[in-house]
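Novice: build me a model:
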Amino acid sequence: MSVYTYIIAMAVVTYLIRAVPLVLFRKKIENRFLSSFLYYVPYACLTALTLPAIFYSTESVISAIAGFVVAVILGIREKGLVVVAAAACVTVFVVERILAFL
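Specialist: Have a look, this model is predicted:
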């Protein structure tokens, strides 16, 4: 099979995933459970994709945990996304430099 076959297959699957709900669900979803479930799906998927990357993208798990803790604390204090990301990156950098000297 060629690469173009895979690209076309991925395009069709992606299109179907986005088009099928629009065709099947013409009315507003009244079920509270289903509506709540669909509301939280993006957050759950984002967490499932991001959390492993946080702990495996650094040289040390200790620096990853330190950056994660700083990000959570700043997030709870409702700081902006850029501030949280920058502070977490700086924390990881500093902790990795400290661990390199030890």
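
Novice: can you pull out the low-pLDDT segments for the protein?
Specialist: Within the chain, the ranges that satisfy pLDDT under 70 run 1.

Novice: mind listing the helices in this protein by residue range?
Specialist: 3-24, 32-56, 61-76, 81-101 (DSSP state H).

Novice: counting contacts, what elements does the third one pack onto?
Specialist: So the one you mean is helix 61-76. Counting contacts by 3 or more Cβ pairs under 8 Å, 6 or more residues apart in numbering; DSSP states H and E, helix 61-76 packs against helix 32-56, helix 81-101. For the C-beta atoms, the positions are set from N, CA and C on the backbone; glycine is no exception.

Novice: quick one: that helix to chain centroid distance?
Specialist: 15 Å (Cα atoms, centre = their mean, to the nearest Å).

Novice: one more: the longest one?
Specialist: Averaged C-alpha coordinates place helix 32-56 at 8 Å from its chain's average position (Cα atoms, centre = their mean).

Novice: what's it in contact with?
Specialist: Ile29, Val61, Ala64, Ile65, Gly67, Phe68 (Cβ atoms under 8 Å, 6 or more residues apart in numbering).

Novice: same thing but 10 Å
Specialist: 21, 25, 28-29, 31, 61, 64-65, 67-68, 71, 88, 92 (Cβ atoms under 10 Å, 6 or more residues apart in numbering).

Novice: now the residues you listed: which count as buried?
Specialist: Ala64, Ile65, Gly67, Phe68, Ala71, Ala88, Val92 (16 or more other Cβ atoms under 10 Å).

Novice: could you dump these into a markdown table and include distance to Tyr15?
Specialist: Output for the buried ones among the contacts of helix 32-56, formatted as a markdown table (distance: Cβ to Cβ, whole Å):
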| residue | distance to Tyr15 |
| --- | --- |
| Ala64 | 37 |
| Ile65 | 40 |
| Gly67 | 37 |
| Phe68 | 36 |
| Ala71 | 35 |
| Ala88 | 36 |
| Val92 | 38 |
